[in-house]
Structure formats: C-alpha cells, structure tokens
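Student: Requesting a structural model of the entry that follows:
(chains A and B)
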There are 2 protein chains.
Amino acid sequence: MGKDVINVALLGLGTVGTGVYKVMKQQEPEMPEKLNTVLKIKKILVRNLEKAAKKVEDTSVLTNDWKEIVQDESIDIVIEVMGGLEPAGTYIKEALLAGKSVVTANKDLIAVRGGELLDTAQENHVDLMFEASVAGGIPIIGPLKDSLSANYISEVMGIVNGTTNFILSKMTEEGMDYYQALTAATQLGYAEADPTADVEGYDAGRKIAIMASIAFHSRVTFEDVYTEGITQITAKDIAYARELGWVIKLLGVAKNTAEGVEARVHPMLIPKEHPLATVSGSYNAVFVHGDAVDDVMFYGRGAGEMPTASAVMGDVFAAAKNIVNRSGGFTRCGCYKKLPIKKIDDIISRYFLRMEVENKPGVLATVASVLGNNSVSIAQVSQTSKQGDSAEIVVVTDHVRECHLKDALLTFQKMSMVKSVSALIRVYG
Amino acid sequence: MGKDVINVALLGLGTVGTGVYKVMKQQEPEMPEKLNTVLKIKKILVRNLEKAAKKVEDTSVLTNDWKEIVQDESIDIVIEVMGGLEPAGTYIKEALLAGKSVVTANKDLIAVRGGELLDTAQENHVDLMFEASVAGGIPIIGPLKDSLSANYISEVMGIVNGTTNFILSKMTEEGMDYYQALTAATQLGYAEADPTADVEGYDAGRKIAIMASIAFHSRVTFEDVYTEGITQITAKDIAYARELGWVIKLLGVAKNTAEGVEARVHPMLIPKEHPLATVSGSYNAVFVHGDAVDDVMFYGRGAGEMPTASAVMGDVFAAAKNIVNRSGGFTRCGCYKKLPIKKIDDIISRYFLRMEVENKPGVLATVASVLGNNSVSIAQVSQTSKQGDSAEIVVVTDHVRECHLKDALLTFQKMSMVKSVSALIRVYG
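Tutor: Here you go, the predicted structure:
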C-alpha cells in the first residue's frame, strides 16, 4: 500500500484558506513519517487570480475554474474553506460524486445539508469531515464521534461564538454598554462589518445544530434551533447578575430530553463558579455531559486563521491516512434516530426578569400573584430601586415551563401598573 | 462486509472492569446502528471466581485461565483493565501476537513498554488503543493523535492526578495541612491505602510520559520523567502563593525545546487566572500548545469507574468499527523522532524560595548576593516575618537554569546565617 503523493485542492484562499496553506507548508517535512505520504496542493480555486497570486509561492496552482479541479482524477482530497451555502454546496457534492474525499470548515452548509452530504459521501465510499465547522481549533466533533461514542450524551452546551463572548466579556469586565463593546470588537477585527450572524446567535445556532446531530444521533438542522442574540443585554443586567453570583454568556444549548431535543442559543445567567463562566474574550468552550463520562469540557480558540486551519488539517491528515491505508470511505450519517424537536415554549428553565412598574403599594404583590396564577413559582423577588413614580422589580423564578412565563408576560402587557419588562434572561441549572 | 457479533474478552473486573461491563450493557441497544455489529463479552478473566460471580449476569463467562481467552479464535478484542506491569504485559503481548485487537487502561505498562507493544500491534496488523490510560474519561490521546495532528506541539501540561489535586484543593480552600487533607482524601476514597504513587507524582509521571511520546513523536518513558510530589507543600506556602496571586498545583509538564524534551512532574505556582488554576477537587485537565491551534484545554473526570469505562469503551467501539469495516490494523508507533531528554538541572524556570535565616542586618543582602554570584537573578525578595533570632525570607527568581539555583542552595547549606530552605517551588511562565 502507500502512495508517494496525494494531491489536494483548496477551495478558497481567505483567512482560513491562507492558514491551511501555511500549515501545509509547515508540516511538509513531517508528512513522510506522519502520513506515509506527502500532500501536495495541486490547485487552489480563487475568485481573484491576481489578488491570490501574492499569497502563494507557485501561482500556477491558482485557478478560477472549478472544472479543472473536479475533473482532475489525480486530486484525491478537496478542502473547502470558501464558506456560504453556494457555490460551496454544489462543489462539495460534485467532489464527493467524483470520488474525492472532502474536508470542510463550512458550518452554514453542514448545519443545513449535513445529512444529505454525509449520505453522498457514504454512497461514493469517500470521507467527508468537518471538525473545523464547530469551535475553530478545538477538537469537538472528533471526540463526540470517537472517544465519547459509548455514552448516551444528554447535553452539549457551549460558548461557541467568540465575537459575542468578547462583547459580553468587555461589558462585564470594563462596564461598557453593548454598542461600545461592539465597536471595540469591530475595531479589533473580532466582529465583522455586518455582525448580524454573530450577535443574533445564528452562527452559534449552526454549531449547535451540528453538535446536537452528532451527540444525539438525530438530525438537528439550523431551522430547528431557537436563536436569540445579545443585543438586548444591558450593563444593568450584567450588574444585577453579578450581585446574584452569576455572569451572562451567550450559550448554545442542546439537550436530549424525554420530550424531545432542545436546541437553542440565547443569553444565559450561569454561576460564576461554572467552568464556562471563566471563558472570556475570543475563547470558546464546549461542555458535554454523558451518562458514563459525566462532565467534560473542551476549551480553546474558536476562530482565527491558524486555529481553524489546525482543525481543517487534522481532518486532511486523517483523510490522507485513510487513502494510504485504504481504510477510508466509511463516513456515514450517524443520525439513526428521529427524535422530535421541542419548541422553545415547552422548555423548562429558571428565568431572570427585570420589570419597571408603578411605584405604589401592592404592585409587587400583584406581580407575584400574576406569576402564581400562571403556574410560575418564584424563587426570589425584590424591589431594587425607586425613582419618582417608577420602581424596578427583579424576579428569579423556579423551574417553570416557558409558555407559562410568556402567558404571565401577556397579562403584564395589559396592566397599566407594569410599565415594561426590561429583561428576560434564562438562568442555568 | 460486516460481522453479526464481535466477541470480546475482559481482563479484570475491578472498578474499571465493572464500569466497562456496565457500559457494554447500557450500549447494547445502540450497537447495531452505531457499530453495524453487536459486541458480546465472551470471557472475563478474574482471580476470584466466587467474588466475581456477584457482579455478572451470566457466570459462565468467568474464567481464571488466560489460555481460554488467548486460544479462543472467536475473540477479536481483548480489554485489559487489570493494571500493573505483569501479568498484564504478557497477556497484552500474547493477545496482539494472536491477532486480537487490544484496548487497555494501563498507564504503568504503556509508559514503560508502549513503543514495544505498538510495534507488536503493527507487526500483527491489529489495533492497540489506550485512551483510558491518561486522564480517565477525558479525550486526550485521540485529539493529540487526530484533530491536533497537523501541529508541532511544543507543550503539554496538566493536572492529571485527581488525588493530589483533591489534597491541594482542600489545603487551599479549607486551610488544611497536608496530612489532614490526605486523611480526608483517604476517607472519601480519593486516595488509596498506600498513596505513594499519587502523592509522589509517579502516577502523573506515567501519564506525562505517554502524552509526551504522542505529542512530540519521540518516545518518552516513565524513567525519563523527573518526579517530585506534594508531601513537602505546607499551608504556609499556599498562603504566600495566594498573596502573590498564585495557586499551587501538582503539574505534569512536557515541553519540546531546542535542547531536548522536558518531562517532569512537580508542584508549581500558577497564576490564579490560568485555566488550570480553577480545576479543583478530583477533576483533571490537560493544556496543550500547538503552533497552529495555539492553546487548547481538555477538562473532566480523571478517574473513576464510569468515566474511565467511557474512555475504554470509546476505544473498543473504534476497534470494533475497524473490524467491521476491515479498516483497522494500522496502529503504529508514531515516535519517528529520537529527541534527547533534558535533565531537570538544565531546565529554565522561575522559582519561589522560602528560607529561614538569622534575624540580623545584612542577611538579606548576603542571600541576594549568593544568588547573584550563581547567575540567579531575582525578581522579588522580601522579609516576611521575624521571630526571636529568626527571620523568614521569600524570594521569587527570574528565569534561571535550575543547576544554578541548586549551586546557590549548596552555598546556603554551608552558611550559618541560613538556617533552612523551607520551600523551593517552580513558578509557571
């Protein structure tokens, strides 16, 4: 067995693509011993040949014609780091159909078409790997599929978006408000010009869909994930949280419950002693609970040129070893269950509520009784400040069904004594 | 392809063996879909048949005769969870020679004979896996070999012994002295009747040897690891450390430096903000630095029946998939380099020194000048207390070569004004 050279094609030469190119060069001396072969970048697909020419040693590998790659039978592995649903989706599909193994960092695509593409890989007896699609350089897909495979995993929970974690860290540590922190993130390159996908939780939602599918062996797509971003979080909420011993994080949560799979992204209050509470700045961390392993956590850089390239190249090395050993092509979609998806209204959680009410006697009692009438039991309620004819009430509930809380909020909307509900944040545990 | 049933043999039915037996039962309903086969425990090797009979449903699987297992050609996978060098070593070797894949949790053995056994596995075209030998349920061997394989890993550092971490946590959080904390650990079952292997750092040393070998692609055996335990750590050291913003942890450290591989286990002062600082009680964590991935950390339960069984069974599932897909037998020792091992005297570190000296003018200056004459530059020195004719001096050095510090200590020994060096602890960073 063995193969002197394995040719690879790289689709995209942006941030991650450039990282992959660098790691490929750095690892070249190690390849003969590590892989029993040498990987060679035969083609790089780019949009702008001129711009790309500055980034590579040998410009003859550059092309803007996908056919040159898909029709080249000497190319065994395609690395897709373009991002986006199309044309990446078409290219990956065609590459798999052409008998090439594919490594991708594309969370958007895998979160939507993962099942279909894994089936295509299986039918064509090639590998499809996507470690880099979740949490950058942190090994998480591999451990979920392999080391933790003998567990019934009941929960995967994580900080899987560095941009929002950076913003919340700034708000917490430096007392900034949301827009100040977003500006800082943009200036430092942690937030994109259009930060919507990050701050609204879509990016985290895609990662949660991918992890939930693997952990629970049941397909969860991005559509199934409830997402709520951090744009409503205020410095005041963070301050109250701190007083109560909590920090606010944007969490992706996937739970396998008797009533179905919960898949959601939203801000959450977590105890400051929780391992996820100390994950700050652009770091990511994923917490997994399995019946045998109990709690495990994976921590590291969730994005960036080189960390993401590390994950991509780990997969490329695995695909290469499989080609050398003829041990590959056993990719298959592990979603052999069809678990129902739970609606957000049906989840059971604790809640932190901050409300502005009229400053007059009996209001607190009325608020408490509305909650009680809607089956929302209260763990703690306090009037935190008064100003003129307004007062602020903070409520922390026991575990209640979300729809019951929402019913109570509808009642509050009709009551003149409740001026507004300023914050509604789920509480961990 | 495919195989209806894969027969496995379990060697040992102690804590981990019982866990493996449980996970095997729990996972049975999932196996057809997960593995495309069903695993069946055909034999369990035990010393005491009577005692073991209480732990299994079907006592006919019990045997105390190894030949019944090694000569049974229908057994494809042997799970070794007896521990110790012998007879486990002989059994594993014979199983591999008989063409059976082996999964083991045996750190003692792998840290000493890992290279040889991997070679035997390769020669016989079977798998040898040992995820459970390091850090219990935490996936670390897998990620080092796979997801992180495209990195030059320069450092692996971790809290890989739960017993000592529990003891140090108790000392730190509750102000206990070493023996009080050890007693608490023994009573709670965290420390064995003879705690030597844990408290002297031997257990951590074995794990560091295994991780270093994989991370640096160069064989490091237990003999190569410098070990220093926690028995000399006092409540006073912990208190001083806290004042300086540090906590004391027993760390296993492996570094790949230009001068050779450092592999060592010893107490260390780490900044209280470091991710490893918050790992308390019986938890373990391993920190890895790679050129592409930057920092990653793996955290979880480092021991115990079920977490360790999780790691064992993850490997068993992988070995089973390899048998079903005929994709296995590519185990090989990844140590294709022969890096020199650095002596502890040659490491460069910062040091925390606590000394009892005569309480008279000029002593501090003399101490400082002895250090200076031995090329030990001082970051900070302070006289912390005086009592009668004694005073206490605390010194924190800059980065110095350990042999230089030891030369200075030899000089102190000859000086009447230095009564004793009460603590010498390495400082992180």
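Student: tell me which strands and helices the lowest-mean-pLDDT helix or strand in chain A is in contact with?
Tutor: Here the helix or strand of chain A ranked lowest by mean pLDDT, DSSP states H and E is strand A:378-387, holding a mean of 88. In terms of contacts (3 or more CB pairs under 8 Å, 6 or more residues apart in numbering or on different chains; DSSP states H and E), strand A:378-387 is packed against helix A:363-373, strand A:390-397. For the C-beta atoms, the positions are set from N, CA and C on the backbone; glycine is no exception.
Student: Show residues contacting that strand.
Tutor: If you take CB atoms under 8 Å, 6 or more residues apart in numbering or on different chains as the criterion, strand A:378-387 is touched by A:240, A:350, A:359, A:364, A:367-368, A:371-372, A:391-398.
Student: Buried among these? Make that a ChimeraX selection.
Tutor: Remark: buried members of the contacts of strand A:378-387, expressed as a ChimeraX selection using 16 or more other CB atoms under 10 Å in any protein chain shown:
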select /A:240,350,359,367,368,371,391,392,393,394,395,396,397
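Student: Rounded mean pLDDT for stretch A:140-153, please.
Tutor: Here stretch A:140-153 scores 97 as its mean pLDDT.
Student: can you check stretch A:4-17 too?
Tutor: 97.
Student: circling back to that earlier point, so which of the helices and strands packed on strand A:378-387 gets nearest chain B?
Tutor: Counting by CB to the nearest CB, chain B lies closest to strand A:390-397 out of the helices and strands packed on strand A:378-387; the figure is 25.1 Å.
Student: Which strands and helices lie in contact with that closest one?
Tutor: Packed next to strand A:390-397, using 3+ CB pairs under 8 Å, 6+ apart, are strand A:348-358, helix A:363-373, strand A:378-387, strand A:418-427.
Student: Which SSE is immediately downstream of that strand?
Tutor: strand A:400-401 (DSSP states H and E).
Student: tell me the residue furthest from the middle of chain A?
Tutor: Going by CA atoms, centre = their mean, the residue of chain A most distant from its centre is residue A:361, 45.9 Å out.
Student: In contact with that residue, which residues?
Tutor: Counted by CB under 8 Å, 6+ apart, residue A:361 has zero contacts.
Student: what about it, is that helix, strand or coil?
Tutor: At residue A:361 the chain is in coil, as set by DSSP: H, G, I helix; E, B strand; the rest coil.
Student: Quick check: it vs residue A:417, distance?
Tutor: Distance, residue A:361 to residue A:417, using CB to CB, to the nearest Å: 11 Å.
Student: Could you do residue A:141 as well?
Tutor: Taking CB to CB, one finds residue A:141 at 51 Å from residue A:417.
Student: So for the two, which sits in the more crowded spot?
Tutor: Higher neighbour count among residue A:141 and residue A:417: residue A:141, with 23 against 14, using other CB atoms under 10 Å in any protein chain shown.
Student: correct me, but residue A:309 touches residue B:292?
Tutor: Yes: counting by CB atoms under 8 Å, residue B:292 is a contact partner of residue A:309 at 5.7 Å.
Student: In stretch A:70-84, which residues are buried?
Tutor: Using 16+ other CB under 10 Å as the test for burial, stretch A:70-84 gives A:70, A:72, A:75-83.
Student: okay, now the domains of chain A?
Tutor: Domain ranges of chain A: A:5-136+A:305-325, A:149-301, A:346-427, per automatic domain parsing.
Student: could those go into CSV alongside distance to residue B:119?
Tutor: Output for the domains of chain A, formatted as CSV (distance: least, CB to CB, whole Å):
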stretch, distance to residue B:119
domain A:5-136+A:305-325, 15
domain A:149-301, 27
domain A:346-427, 53
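Student: Of all the ones you listed, which one is nearest residue B:282?
Tutor: When the domains of chain A are compared by CB to CB, domain A:149-301 sits nearest residue B:282, at 10.6 Å.
Student: quick one: contacts of the host helix or strand of residue A:122?
Tutor: Assigned by DSSP H and E, residue A:122 falls within helix A:107-123. Identification of contacts with helix A:107-123 by CB under 8 Å, 6+ apart yields A:83-85, A:88-89, A:92-93, A:96-97, A:101-102, A:104, A:127-128, A:130, A:133-134, A:203, A:205-207, A:209-210, A:213, A:219, A:221-223, A:329-333, A:335.
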